[in-house]
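**Q** My questions are about this predicted structure, shown below with the sequence.
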Amino acid sequence: MKNDTDFQIEYAAARRAYIEKEFRNLNEMQRKAVLATEGPLLILAGAGSGKTTVLINRIANLLRFGSASDSDWIPDNADETMLQALRENSLDALPFAQVQPVEPWRILAITFTNKAADELKFRLTQMLGEKAADIWACTFHSACVRMLRRNADILGYSDDFTIYDTSDCQSLLKRILKDFDLDDKIYPPRSVLSAISKAKDIPVSAEEYLQEARKFGDARRIRIGEIYQEYTRRMFAANAMDFDDLLLNAVRMLQQNEEILSFWQRRFRYIMIDEYQDTNHLQFLLASLLADKHHNICVVGDDDQSIYRFRGATIENILSFEERNRNCRTIRLEQNYRSTEHILSAANSVIRNNTERKGKELWTKAGAGDPIVNYTVSDENEEANTVASLLLADYSSGVPWRDHAVLYRMNAQSSQLEFALKRVGIPYQVFGSTRFFDRAEVKDVLSYLSVIVSPSDDLRLLRIINNPPRGIGEKSIETARAIAMEENCSLYDVISRADRYPSLSRPSLRMREFANMLRDLHQFASENPSDAVFDEVIKKTGYLDMLQNSNDEKDVSRAENVMELKSSILGYKKENEDPSLSGYLANIALYTDLDAFDRDSDCVVMMTMHSAKGLEFPSVYVVGMEEGIFPGTRAIGEQEEMEEERRLCYVAITRAKKHLCFFHARQRMLFGHTTANMPSRFLDEIPALDMIQKDIGSRNSRYSEYGSKYDQAPSYGYKGGSEKSFSHSYSGFRTDRPAGSPSFIRKPNSPVKSSDPLPELSLGGSVRHKTFGEGVVVKMTPMGNDCLLDIHFSGVGTKKLMLRAASRFLEKI
DNA sequence: CGCACCACAATTTTT
DNA sequence: TTGTGGTGCG
């Protein structure tokens, strides 16, 4: 009976039905995607269509049922009893529904951000428990690091290679330009770096690049080729890799070594890649290599959300996935679970103006919802004030701060908004300005730690050799560098035996003292945990002393930042079984500010539209909807650029769940110049039915001007501490721990400490606000441990303020 | 050698 | 307007 074809079909169908029941909470398309386990699969997932849910359930399906949902194969021992059990959905039918359940470590799930990876891991753990820990859910870059740490030696790197972040690369490049005596106006570091990055993406080596450039006789390209070559040489000498190198070297490693390739190919039976529209060519190569044995590669993406073309992402990867994988199945997820109809209609209408796309229409069962509001304001101050009052109004009707996001095109637009919110006491979090790990003092200390791990890291050694000052001057350093160049050894080697070089006789002693200190620290690091190394470093180098003995008040916050770094080291130690200093440093390099996004703290979120990708908020405020800003000047007249801007607009719109507001100003001051801009063309692309117009007019402009006088004073009225540290959020590592995060996650601009004295206000009492002047309290509405105040300021009008956070602007009179 | 002052330029940036 | 990098002086 058991080989009977009918039975086989029946059994497979019953098995599939059984599995389908497990995923009955998904919609049909989602379920299809979850159950299609074998072979290449392209999931075109519109914004808010539940793609993470699909990813997670797909993994769950693989772990639980293996390929059963997508296979005709039935076990030899399959019989009527088992079929019956499946049909009856009986509890012990599970084994009958399994075909080679997948071991967790055979799954590779690639995301683009650490945050997304953490989120994935967290949700997988929730669903699957402990075994989720063995799934490789990580970014391309961290996957590469993990693979390279095992075998980078075949490429000539040692396994404790360091990772250079963008600013490290920039300083390296600047050094090279200087040494080559090239003008950084003619060879701007950023664009040279991007040329190198593009070359690596193809990938083309420095030698090939040079050869090609020489063939065409292009002088500039030859120069860039030479820079590329030197850059590569120095990176290698420092045992360092930049972000592109991580990918490039992983690819090289797999291409060059059959054994390693086959190891990883066999290991990853299923590969999933999220945000596929943002992959570059190297990432495509890497994925292709890894998937070349099992061909079980599932990519999820949305061509309409590709907004990183400028960074080398190629939409081509997703557009041609079907051609490249002939037996590929494609599933479209178009039902949106996030937004209301008006918002989706706007999104669809805007993106329809793009030509290069697969074509997709989002729809929802959520209902029409509230129309979008398009505000016309007179200038950027009124814009900020309007946002602030809308936020306050919403908060006073019971909506938490965290439900709101303010999005803009450029980080430079955030400052006026910050002041407006600060003034009325709205807690907020700004993302994307100076990263914590980019701060000079943090980089300094990290450089010490890096050099201790790998002394051949010339770049970082240069950063600290005379910092704190130890009498090793520019001249001496140059001499030492020249010797290092000549002897083809590292700078460290030269200074540690400085007494051997007559030309270094004067700084010799100080150099050797410094080298000895590093050597001792290196020794210390091999026997002590990383936090102790940190302590030893700041003690022995006198770095913290330097900050603490300084008269500059900025150094107080610098010292705080340095100590914050220790928290992050401790955090790393706590979360890793085998914490090493080099592991910590690698982790840092791959860390971004967005990872610190803290949805637990009740704050309004401010970020660029780019950073907002992948997030959602009940209320979204998009400011600066003006020609020349969004779309930016550079995109106007450039078809491709414009389409990217439009995709960005699509991303911004689809962040909103319920409420969406646009703002455009009649005139705006940006970079010190006032310009009058037309409303953004994207606004015209939104159907009138979905959007109502509101003109704030110039009624309030007098008051905003009054306010603007103070808006320009950066640290106005702030007692002690650094302003910056309050308006930014940063933290150490976060594998998802929703609550109970260690203390180094700082709550930004959070309502003032409850210990701070609050002005004792009473209804009808008089106050003075540092911006608005004198006023009378006309209404007090207690909210949680705070209080919403309505204060009538003479000549300004009635303003709503939050007592706690606005108290530093307020005094009782 | 360190600090102060002035010119200059300034999308976006998952790693 | 803001931040940064280069130069010149004490």
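**A** That came through, no problem.
**Q** how many neighbours does the residue lying closest to A:R435 once chain neighbours are set aside have?
**A** Closest residue to A:R435 apart from its sequence neighbours, by Cβ to Cβ, 6 or more residues apart in numbering: A:D593 at 5.0 Å. (C-beta placed from N, C-alpha, C; glycine too.) A:D593 is flanked by 21 other residues according to other Cβ atoms under 10 Å.
**Q** how far away is A:D593 from DNA strand B?
**A** Using Cβ to the nearest atom of the strand, to the nearest Å, A:D593 is found at 7 Å from DNA strand B.
**Q** Could you do A:L407 as well?
**A** Distance, A:L407 to DNA strand B, using Cβ to the nearest atom of the strand: 10 Å.
**Q** How about A:E577?
**A** Distance, A:E577 to DNA strand B, using Cβ to the nearest atom of the strand: 21 Å.
**Q** Quickly find the element holding that residue.
**A** If you go by DSSP states H and E, A:E577 is not part of any helix or strand.
**Q** can you count the residues close to it?
**A** Close neighbours of A:E577, defined as other Cβ under 10 Å, add up to 4.
**Q** What backbone torsions are found at it?
**A** The phi/psi pair for A:E577 (degrees, to the nearest 10) reads phi -70, psi -40.
**Q** ok and the residue in chain A nearest DNA strand B?
**A** Nearest residue of chain A to DNA strand B (Cβ to the nearest atom of the strand) works out as A:G473 at 1.6 Å.
**Q** In contact with that residue, which residues?
**A** Contact analysis of A:G473 by Cβ atoms under 8 Å, 6 or more residues apart in numbering lists A:N466, A:P507.
**Q** again, 10 Å this time
**A** A:I465, A:N466, A:T479, A:R506, A:P507, A:R510 (Cβ atoms under 10 Å, 6 or more residues apart in numbering).
**Q** What of A:G637?
**A** By Cβ under 10 Å, 6+ apart, A:G637 lies in contact with A:P631.
**Q** can you do 6 Å?
**A** Under the criterion of Cβ atoms under 6 Å, 6 or more residues apart in numbering, A:G637 has no neighbours.
**Q** just checking, it is part of a helix?
**A** No. A:G637 sits outside any helix when classified using DSSP: H, G, I helix; E, B strand; the rest coil, being coil.
**Q** For A:R423, which non-adjacent residue is spatially closest?
**A** A:T771 is the one closest to A:R423 (Cβ to Cβ, 6+ apart), at 5.2 Å.
**Q** The one you found - how many residues pack around it?
**A** The local packing of A:T771 (other Cβ under 10 Å) involves 24 other residues.
**Q** quick one: pLDDT of it?
**A** You'll see A:T771 listed with a pLDDT of 83.
**Q** Assign it to helix, strand or coil.
**A** Of the three states, A:T771 takes coil under three-state DSSP.
**Q** same deal with A:L261?
**A** Relying on three-state DSSP, one would call A:L261 helix.
**Q** could you measure the nearest residue to it once chain neighbours are set aside against A:R435, distance?
**A** Distances taken as Cβ to Cβ, 6+ apart place A:L254 nearest to A:L261, at 4.4 Å, with adjacent residues excluded. Distance, A:L254 to A:R435, using Cβ to Cβ, to the nearest Å: 31 Å.
**Q** Please apply the same query to A:Q335.
**A** According to Cβ to Cβ, A:Q335 and A:R435 sit 37 Å apart.
**Q** per-residue pLDDT, the residue in chain A that DNA strand C sits nearest to?
**A** For chain A and DNA strand C, the shortest gap (Cβ to the nearest atom of the strand) falls at A:G672, measuring 2.4 Å. On the pLDDT scale, A:G672 is placed at 84.
**Q** do A:G764 as well
**A** We have a pLDDT of 89 for A:G764.
**Q** can you check A:D160 too?
**A** Looking at A:D160, its pLDDT stands at 86.
**Q** for the one 10 residues further on, same thing?
**A** The per-residue pLDDT reported for A:Q170 equals 90.
**Q** show me what contacts the closest residue to it other than its chain neighbours?
**A** Leaving aside its sequence neighbours, A:Q170 sits nearest to A:P189 (Cβ to Cβ, 6+ apart; 5.3 Å). Each residue near A:P189 by Cβ under 6 Å, 6+ apart is listed here: A:Q170, A:L173, A:K174.
**Q** hang on, the last one in a helix?
**A** Think A:K174. Yes. The assignment for A:K174 is a helix, going by three-state DSSP.
**Q** Which positions within stretch A:404-424 qualify as buried?
**A** A:404-411, A:413-424 (16 or more other Cβ atoms under 10 Å).
**Q** Next: stretch A:470-489.
**A** Residues of stretch A:470-489 classed as buried: A:R470, A:I472, A:S476, A:I477, A:T479, A:A480, A:R481, A:I483, A:A484 (neighbour count, 16+ other Cβ under 10 Å).
**Q** Understood, closing this out.
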